[in-house]
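Visitor: Show me how the following folds:
(chains A and B)
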Amino acid sequence: MSWLLPSTIAVPLLGAGLTVLVGRRLLIQRLITAGGVGFVLVAAVIMLVEADAGPPVVAQVGGWPAPAGITLIADRFSAIVLTVSSAMLVAVLGYAVAQLGRDALDWWFHTKYLVLTAGVAMSLLTGDLFNLFVGFEVMLIASYVLLTVKTGPTQIRATMTYVVVNLVASSLFLVVIAFTYGATGTVNLADLALRLQEVDPTVRDGLGLLMLVVFGIKAALFPLFMWLPDSYPTAPTAVTAIFAGLLTKVGVFVIIRTQTLLFAQDGPSTLLLFVAGATMTVGVLGAIAQNDVKRILSFHIVSQIGYMIMGLGFLSVAGLAAAILYISHHIVVKTGLFLVGGLVEAEHGTGALDRTGGLLHRRPVIAALFLPLAFSLAGIPPFSGFVAKLALVQEGVGLGRGIIVAVSLAVGLLTLFSMTKIWSAAFWGEPTESAGRARPGMIGATAAVVTLSLGVALFAQPLAEFSARAAADLLDPTLYITSVLGET
Amino acid sequence: MSVVGLAVAALLFGIGTYLILQRLLSRVIIGLGLVSHGANLLIILSGGAAGDPPVLAEGVDPARVADPLPQAMVLTAIVITFGVTAFLLALALRSWLLTGSDAVEDDLEDRRIAQERPTVEQPTVDNDMHEEVTAP
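Guide: Numbers count the residues shown, from 1 in each chain, chains lettered A, B, ... in the order given. Have a look, this model is predicted:
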């Protein structure tokens, strides 16, 4: 069903246009948005099943055959990331409806949300380097505008950093596209994979490094992460949660895609493993130093990205499988944690940990939602993070990479420590004056995300097997290339 | 690739980078514009030498036409940069309306840490922040 591929991008974009056309009618806007995001979820699940059963789902846009036209492709890797992402988009939409209420109209929230959905889908499904740039831009422009929905001086400042950093990265992306096109004469990823083999290795390494820098900025890798903890916490919770769950992970997705498809090498990459270790360590140390729920969680995004890159750095089937498993688990858990952070804020009117407390007695349900997510993030069995971390550590030990394994375990402990900090400051202690109440819809949406994260842990075995199949596809891209270019 | 084209691209990147490192958002925006012009120029250059119009018609020698793909890509890139620049300008205006300046302020956290350690001499604010900015 290759028609699903372009419609996954077109339907949310059309929906975005419709939300503007219907004007200030809250219910209709909500229905359109739910329909658009729901369609992406259903399409993603269908493509996931189809890509797992047979070859990747491929569509040549406009009927122009690759490599002349634009290729859209859903293989196992992109289908699983899209499925998990769109599930989060649906859940966070529920949260946003409850949190924003009528404010959503003033902010044109639904329009931007649908554009963001289309951008994420395009970035994940495209098989074309330039189209990837366009997908990133669609996603980022939606995110710029979502960050400024509440325009106080703090938001303006945060958005300035965010936009300027991302624009610089986009310009570098254009530069790397120009160099790649100059060296190979194509921007189709499958065609590039073949033609880059014939390019001078020095040029090839240069292109690979430049792409790592470009996507490293988007994915918030060490040392290019400084924009993230600065800008994310200032937006409303629903917005921050979806940014935290999706945007950086799209960056990681593209790093894994390009480094395996275009610049594959034999054996573990010490550079990637070093970057992974540094990202984890700096991220978690930053988190420990913070005193605000959302800022702590933002630094944890950086720290967790390190684990995914660690899986990529091993460049083995087991390592990549662990990375894919980690991404799937992390998108759910991180989104969920930010939603809980939003609940804590809604109850106290602030996320500053020295002014919160006693939530365990006042609202035990929020505590019950926080615990499994926090344990999962730190990698405590039997929660979902444990499965992914175990796979990473096993592969690291198997390959004899002791240092990165030790670092990852230590960072896991520190993660638990900073989660304890949130727990003891927000949930234990004397109940503070109630500043408000989290609305039932917000709690319901958070509960749905927590259930999904428990589901990831429960179905860890089939998920791990699926990830292994997806990883094998990544390391042997013959199937990917022949599905796009045809048998030659 | 032509050497002149490359030199111009390098110049644009150089000036653009200098401007991006400034404090005022209006300068940063001009810098970003220059950098993206440089990137667009690079894409055009990557298409190779100029040639005949790339139209499929009788009497056109396919070996002599210009490469149309980089031009299509540059058009897309220009439109995107245009949109984002407009957004940034709106942001700069908003910042000017709210705070009377479009300078990017220090991070809140950084300022707090700076206040907690009064022994460390605080860096004086860059002069060009005030030169041309007049409060509303």
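Visitor: C-alpha from now on. contacts and neighbour counts both.
Guide: Noted.
Visitor: Just give the closest residue to residue A:449, not the sequence neighbours.
Guide: residue A:336 (5.7 Å; C-alpha to C-alpha, 6 or more residues apart in numbering or on different chains).
Visitor: Leaving out chain neighbours, which residue sits closest to the residue of the stretch 251-400 of chain A found nearest chain B?
Guide: In the stretch 251-400 of chain A, the residue that lies nearest chain B is residue A:290 (9.4 Å; C-alpha to the nearest C-alpha). With sequence-adjacent residues excluded and distances taken as C-alpha to C-alpha, 6+ apart, residue A:290 is closest to residue A:296, at 5.6 Å.
Visitor: same deal with residue A:220?
Guide: Nearest residue to residue A:220 in three dimensions, chain neighbours excluded: residue A:302, at 6.1 Å (C-alpha to C-alpha, 6+ apart).
Visitor: need the contact list for that neighbour.
Guide: A:220-221, A:225, A:228, A:279-280, A:283-284 (C-alpha atoms under 8 Å, 6 or more residues apart in numbering or on different chains).
Visitor: Could you check how far it is from residue A:199?
Guide: Residue A:302 sits 34 Å away from residue A:199, going by C-alpha to C-alpha, to the nearest Å.
Visitor: Kindly report the same for residue A:181.
Guide: In terms of C-alpha to C-alpha, residue A:181 sits 12 Å off from residue A:199.
Visitor: So these two - more neighbours on which side?
Guide: It is residue A:181, of residue A:181 and residue A:199, that has more neighbours when counted by other C-alpha atoms under 10 Å in any protein chain shown, with 23 against 13.
Visitor: hang on, isn't the more buried one packed against residue B:47?
Guide: Yes - using C-alpha atoms under 8 Å, residue A:181 is in contact with residue B:47, at 7.5 Å.
Visitor: Please identify which helix or strand holds the residue nearest to residue A:449.
Guide: Remark: residue A:336 resides in helix A:317-348, with elements defined by DSSP states H and E.
Visitor: Would you map the strands across the stretch 51-200 of chain A?
Guide: A:57-60, A:71-74 (DSSP state E, counting those that start in this stretch).
Visitor: which of the ones you listed sits most buried?
Guide: Mean neighbour count, computed with mean count of other C-alpha atoms under 10 Å in any protein chain shown, is highest for strand A:71-74 among these, reaching a mean of 26.
Visitor: show me the contacts for the nearest residue to residue A:232 once chain neighbours are set aside.
Guide: Of all residues not flanking residue A:232 in the chain, residue A:240 sits nearest, at 5.7 Å (C-alpha to C-alpha, 6+ apart). Residue A:240 is in contact with A:232-234, A:338, counting by C-alpha under 8 Å, 6+ apart.
Visitor: between those residues, which has the most around it?
Guide: For the contacts of residue A:240, neighbours were counted by other C-alpha under 10 Å; the highest total belongs to residue A:338, with 27 neighbours.
Visitor: That one and residue A:235: what is the separation?
Guide: Using C-alpha to C-alpha, one gets 11 Å for the distance from residue A:338 to residue A:235.
Visitor: again with residue A:202
Guide: From residue A:202 to residue A:235 the distance is 43 Å (C-alpha to C-alpha).
Visitor: Could you check which of these two has the larger neighbour count?
Guide: residue A:235 (21 against 9).
Visitor: where does the closest residue to the more buried one other than its chain neighbours land on pLDDT?
Guide: In space, and not counting its chain neighbours, residue A:235 is closest to residue A:147: 5.4 Å by C-alpha to C-alpha, 6+ apart. Note on residue A:147: pLDDT of 86.
Visitor: Surely residue A:147 touches residue A:239?
Guide: Yes - at 7.4 Å, residue A:147 counts as touching residue A:239 under the criterion of C-alpha under 8 Å.
Visitor: Any chance of a markdown table for the strands of the stretch 51-200 of chain A, columns distance to residue A:83?
Guide: Converted to a markdown table, the strands of the stretch 51-200 of chain A look like this (distance: least, C-alpha to C-alpha, whole Å):
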| stretch | distance to residue A:83 |
| --- | --- |
| strand A:57-60 | 14 |
| strand A:71-74 | 11 |
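Visitor: what's the closest of the ones you listed to chain B?
Guide: Nearest to chain B among the strands of the stretch 51-200 of chain A is strand A:71-74 (15.0 Å), distances taken as C-alpha to the nearest C-alpha.
Visitor: Now do the closest one: which elements does it pack against?
Guide: helix A:4-21, helix A:26-53, strand A:57-60, helix A:109-125 (3 or more C-alpha pairs under 8 Å, 6 or more residues apart in numbering or on different chains; DSSP states H and E).
Visitor: Deepest in the core, which of those is it.
Guide: Mean neighbour count (mean count of other C-alpha under 10 Å) peaks for helix A:109-125 among the helices and strands packed on strand A:71-74, with a mean of 27.
Visitor: Reduced to three states, what does the residue of chain A most remote from its centre come out as?
Guide: In chain A, counting by C-alpha atoms, centre = their mean, residue A:430 sits farthest out from the average C-alpha position, at 36.2 Å. Using DSSP: H, G, I helix; E, B strand; the rest coil, the structure places residue A:430 in coil.
Visitor: for chain B, what are the nearby residues on the stretch 101-250 of chain A?
Guide: With C-alpha under 8 Å from any C-alpha of the partner chain as the criterion, the stretch 101-250 of chain A comes near chain B at residues A:130, A:137, A:141, A:152-153, A:156-157, A:160, A:163-164, A:167-168, A:171-172, A:174-175, A:177-179, A:181-182, A:185, A:230.
Visitor: May I have the phi/psi pair for the residue nearest to residue B:24 when sequence neighbours are not counted?
Guide: With C-alpha to C-alpha, 6+ apart as the criterion, residue B:24 has its nearest non-adjacent residue at 4.3 Å, and that residue is residue B:103. When read as degrees, to the nearest 10, the backbone of residue B:103 gives phi -70, psi 140.
Visitor: wait, residue B:103 sits on residue B:27?
Guide: No - Residue B:103 is beyond contact range of residue B:27, at 9.6 Å (criterion: C-alpha under 8 Å).
Visitor: Which one's more surrounded, the two?
Guide: Between residue B:103 and residue B:27, counted using other C-alpha under 10 Å, the more crowded position is residue B:103 (23 against 18).
Visitor: low pLDDT regions in chain B?
Guide: For chain B, applying pLDDT under 70 flags the ranges B:1, B:105-109, B:117-136.
Visitor: ok, now chain A?
Guide: In chain A (pLDDT under 70), the answer is A:487-488.
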